[in-house]
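> take this sequence and fold it.
(chains A and B)
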Amino acid sequence: QQKVQQSPESLSVPEGGMASLNCTSSDRNFQYFWWYRQHSGEGPKALMSIFSDGDKKEGRFTAHLNKASLHVSLHIRDSQPSDSALYFCAARDSNTNKVVFGTGTRLQVLP
Amino acid sequence: NSKVIQTPRYLVKGQGQKAKMRCIPEKGHPVVFWYQQNKNNEFKFLINFQNQEVLQQIDMTEKRFSAECPSNSPCSLEIQSSEAGDSALYLCASSRDIPSAETLYFGSGTRLTVL
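Below is the predicted model:
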């Protein structure tokens, strides 16, 4: 069964700090990755996608992909209380087009 | 704000009752997905459509769950005979196309509680 594991399960960082979230997939057919953020009472919202090895930066958010190790990470610099949410890694199987979501990381940014 | 519109936001049903929820995908998005997110925040894919055609669905969906995306009407997901284990957040998402690189855009969900 295709799996996408995230770590840590929960994370607390001070306001202005750096938050680092990790995601490891189990299947080399996963070629396309996204990070989604879900605030309480809302649906997930796509933060960014990453499809090529290396870094991708969008504002305060930087994603890193290493396809060889099936690892993708998300780094949030200058974390804000509004960043407090559930973060999900999602991977898409290039053969079946199925999107599999990770187990989630709950981020709390402390004022 | 979500451009994928889901109704109702909350749905409460007794065991054995029908539960129906609707989704209007983002304009110009012909591909629609339904996911179930349980209390542990785990996502389970249920079914997806391109226009009115079913692309993929899980076995569970074939039994008590039914879904459709009729032309010029909202998509819908219906549970024929609700069970306590169906209590979850049901999320609808849409995308512009089916290739692997397309992002899914989610609605706010319908939270179903089965008493």
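> test for you: state the pLDDT assigned to the closest residue to residue A:12 other than its chain neighbours.
Once flanking residues are discounted, residue A:12 sits nearest to residue A:108: 4.6 Å by Cβ to Cβ, 6 or more residues apart in numbering or on different chains. Backbone N, C-alpha and C define where each C-beta goes, glycine included. pLDDT recorded at residue A:108 is 98.
> dump the residue contacts of residue A:108.
When the contact criterion is Cβ atoms under 8 Å, 6 or more residues apart in numbering or on different chains, the partners of residue A:108 are A:10-13, A:84.
> which of those residues are buried?
Among the contacts of residue A:108, those buried by neighbour count (16 or more other Cβ atoms under 10 Å in any protein chain shown) are A:11, A:13, A:84.
> okay but the second one is in contact with residue A:19, surely?
Pointing back at residue A:13 there. Yes: with the criterion set as Cβ atoms under 8 Å, residue A:13 and residue A:19 qualify as a contacting pair; they are 4.7 Å apart.
> shared neighbours of these two, anything?
A:79, A:107, A:109.
> what's the closest of the buried ones among the contacts of residue A:108 to residue B:58?
Of all the buried ones among the contacts of residue A:108, residue A:11 has the smallest distance to residue B:58: 31.4 Å, by Cβ to Cβ.
> first-to-last residue distance for stretch A:65-72?
Stretch A:65-72 has an end-to-end distance of 4 Å (Cα to Cα, to the nearest Å).
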